[in-house]
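# everything below, folded, please.
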Amino acid sequence: MSRSFRISAWFLPLLLALTALPVVAQVSSSRSPNGTKSTSLSTNLRQHGVRWVDSKSGGRVPDAFSTPGTAPAGAHLTYYGGPVISNIHIVEVLYGPGSYDPQIAGTSTPTLGTFYHDITNSGYISLLTQYSTDITSLPGTDQSIGTGTFDGIYQITPSAANSGTTIDDTQVQAELIAQITAGKLPPPVLDAAGDMNTVYMIYFPPGVTTTDGGSTSCVSGGYCAYHGATSNTYNSVNLLYGIFPDMQPGSGCYTGCGSSPTVFGNYTSVSSHELAEAITDPMASLAFTLASPVAWYDSVNGEIGDICNAQQGSYVANGTTYTIQYEFSNAANNCVLPPAGGPPDFSLSDSPADLSVTQGSNGTTTITLTPTNGFVGSVTLSASGLPAGVTATFASNPATSSSLVSFAASSTATPGTAIVTITGVSGVLSHTTTLSLTVNSAVTQQLLGDPGFEKGFHGHPWTTTPLVLNNSSFEPPHSGKWDAWLDGYGFSHTDTVTQTVTIPSNKSSATLSFWLHIDTAETTSTTAYDVLSIQVLNTSGTVLATLGTFSNLNHASGYQQHSFSMSSFIGQTVQIRFKGTEDSSLQTSFVIDDTALNVQ
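Numbering: from 1, shown residues only. So this is what the prediction gives:
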């Protein structure tokens, strides 16, 4: 409830004595933004409390309307033109040192922070979306209520002027502004229209009594909690806050603020009451009449939580069961618990998630929208993180189910791999998916020196064992005059051909290829006696990978071309080695020619 429309700790109807307000507050009527005649808040407003213990009878006295799912006759929330909270950000504040309840202090689970996170991303928000202000028939703030965020728990050290065993609302307001100004609390978050999203929920330790306008916490005729807006501003905006006295044993709020069997249950119940009111009527404490900045309000019964005051129930949010208060639903015309599940939402996915395009060409992937909790809206898509020279075009935008996105790479697009983010936006909802986009160079570069061994014995970059380089007719080359002839001796022997090469880091692909002829005197069709290995080594000679092997079993007339990817070695200096090994008898010749290491 608002600071003016606070929860009473007891269930007796109260009359607001506002006769002491300044003359400006005594206005009996004025014209509200929606064109209806507003009612002065100096008229009698009925307040409803949570359960309390009568110290004389020792019994629990229920509120007149505390039966779950029972609203007073004629209850209805009317919109008076004020702002709501679009996407609430909750900052939990511990006001000074003290023996806080462990779940409030965040040292025992589930914590209050977990509660706030879970509840603002659940059906609780779905229930409140009916109070969005994008109402075409009435002037208003054109806001949509959506999911929220818990921004953390902060324990402050109040100034001496704003400390003590009794702390008034004016002191809390001053301290809140001072703590944010000093950087001890995070600054508020505003929505796109400049309306407040952040609410500072302030919890007090045992032994502290709070007061406001002559009303006192945790006593008969007092309150369990309230929410309000600061009279003074921070960076030209009124800050939103909630006040929550200690509710542990020994406090009057322990017996008067709920019927949950646990202290934490009563905390979450009261917190859910104020949370719903802060979202649907955040600025009401600044109003003197039922007109803007009042948002959703019942002139007889109060705010959304007041109508259903003290009606507690169990609700599962994100797998955890919490005690919360029923809230009034105009749609149901009653006090209700939120629907199961979360608010309408969607997610994005892409297939394929890894895509390659060559300069001067394009490639496509499909973006799929998966709705949850009855989402039926359209989603506007965009792409960011694109490499220079690449554009993205969506076949359907906005999309309702899926959209084919085409990535066009210009002839000068920057080669390499980039992570592209696809963002989908629908109202206040925004989600992303990412994909890996590789741009391949259209120009192929060959990195090996003397790839056909045509330099013979003079100035070639290969390192070989003796008598490997060959220009004889016994093992003719694939082309040119020279080749590399490994083994062919018919006894135990090893030959190697090696070249060191650096693969530039700005390349997106690297492929080793060569032509190979194998002839053998071996007669077996099952045993690999003689083996050729194609290896990659580091500059220290350690084998990093064996790309492939061939043996006497692979003999064939003529040459055959083979290729292996070396993309995993992009950006490295490595050795490429052909290694032929013969056993003790029957020769096998491995003849290599026209090698290449092509990169793009």
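
# the nearest residue to residue 351 once chain neighbours are set aside: neighbour count?
Leaving out its chain neighbours, the residue that sits closest to residue 351 by C-beta to C-beta, 6 or more residues apart in numbering is residue 366, at 5.4 Å. Where you see a C-beta, it was placed from the backbone N, CA and C, and this is true even at glycine. By other C-beta atoms under 10 Å, 13 other residues sit near residue 366.

# and residue 366, helix, strand or coil?
Three-state call for residue 366 (DSSP: H, G, I helix; E, B strand; the rest coil): strand.

# who's it bridged to?
residue 351, residue 404 (DSSP bridges).

# residue 403 is in contact with that one, correct?
Yes - taking C-beta atoms under 8 Å as the definition, residue 366 is a contact partner of residue 403 at 7.4 Å.

# show residues contacting stretch 513-522.
By C-beta atoms under 8 Å, 6 or more residues apart in numbering, the residues outside stretch 513-522 that reach it are 475, 478, 490, 529-530, 532, 550, 552, 554-564, 578, 586-598.

# just the buried positions in it, please.
The neighbour-count check on stretch 513-522 (16 or more other C-beta atoms under 10 Å) flags 513, 514, 515, 516, 517, 518, 519, 520, 522 as buried.

# distance of the second one from residue 255?
Taking C-beta to C-beta, to the nearest Å as the criterion, residue 514 is separated from residue 255 by 87 Å.

# which strands and helices sit next to the helix or strand harbouring residue 356?
Secondary structure from DSSP states H and E places residue 356 in strand 354-358. For strand 354-358, the contact count by 3 or more C-beta pairs under 8 Å, 6 or more residues apart in numbering; DSSP states H and E identifies strand 362-372, strand 402-409, strand 429-440 as packing neighbours.

# what does it rub up against?
For strand 354-358, contacts defined as C-beta under 8 Å, 6+ apart pick out 363-365, 390, 407-409, 413, 435-442, 508, 600.

# hmm, try it at 7 Å
Applying C-beta atoms under 7 Å, 6 or more residues apart in numbering, the contact partners of strand 354-358 are 363, 365, 407, 409, 435, 436, 437, 438, 439, 440, 442.

# let me know the closest of the residues you listed to residue 104.
Of all the contacts of strand 354-358, residue 435 has the smallest distance to residue 104: 43.1 Å, by C-beta to C-beta.

# ok, that closest one touching residue 417?
No - in this structure, residue 435 is not within contact of residue 417 by C-beta atoms under 7 Å, at 10.7 Å.

# which one of these two is surrounded by more residues?
Remark: of residue 435 and residue 417, residue 435 carries more neighbours, 22 against 14, as counted by other C-beta under 10 Å.

# could you give the bridge partners of the more buried one?
Going by DSSP bridges, residue 435 forms beta bridges with residue 420.

# OK, contacts around it?
By C-beta under 7 Å, 6+ apart, residue 435 lies in contact with 350, 353, 354, 355, 365, 420.

# how close does the fourth one sit to residue 349?
This means residue 355. In this view, residue 355 and residue 349 are 14 Å apart by C-beta to C-beta.

# repeat for residue 369
When distance is defined by C-beta to C-beta, residue 369 is 9 Å away from residue 349.

# helix, strand or coil for residue 264?
What three-state DSSP gives for residue 264 is helix.

# same check, this time on the one 10 residues further on
In the three-state summary, residue 274 is assigned as helix, counting by three-state DSSP.

# enumerate every residue touching it.
Each residue near residue 274 by C-beta under 7 Å, 6+ apart is listed here: 1, 225, 227, 242, 305.

# nearest to residue 251 among those residues?
Looking at the contacts of residue 274 and their distance to residue 251, the nearest is residue 225, at 12.4 Å (C-beta to C-beta).

# if we can go back for a sec, Throw the helices and strands packed on strand 354-358 into JSON lines and include distance to residue 161, thanks.
Listed next are the helices and strands packed on strand 354-358 as JSON lines, based on distance: least, C-beta to C-beta, whole Å:
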{"stretch": "strand 362-372", "distance to residue 161": "50"}
{"stretch": "strand 402-409", "distance to residue 161": "59"}
{"stretch": "strand 429-440", "distance to residue 161": "43"}
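
# partner residues bridging residue 322?
residue 315.

# and it, what's its pLDDT?
pLDDT recorded at residue 322 is 97.

# pretty sure it is touching residue 315, no?
Yes - taking contacts as C-beta under 7 Å, residue 322 lies within contact range of residue 315: 5.7 Å.
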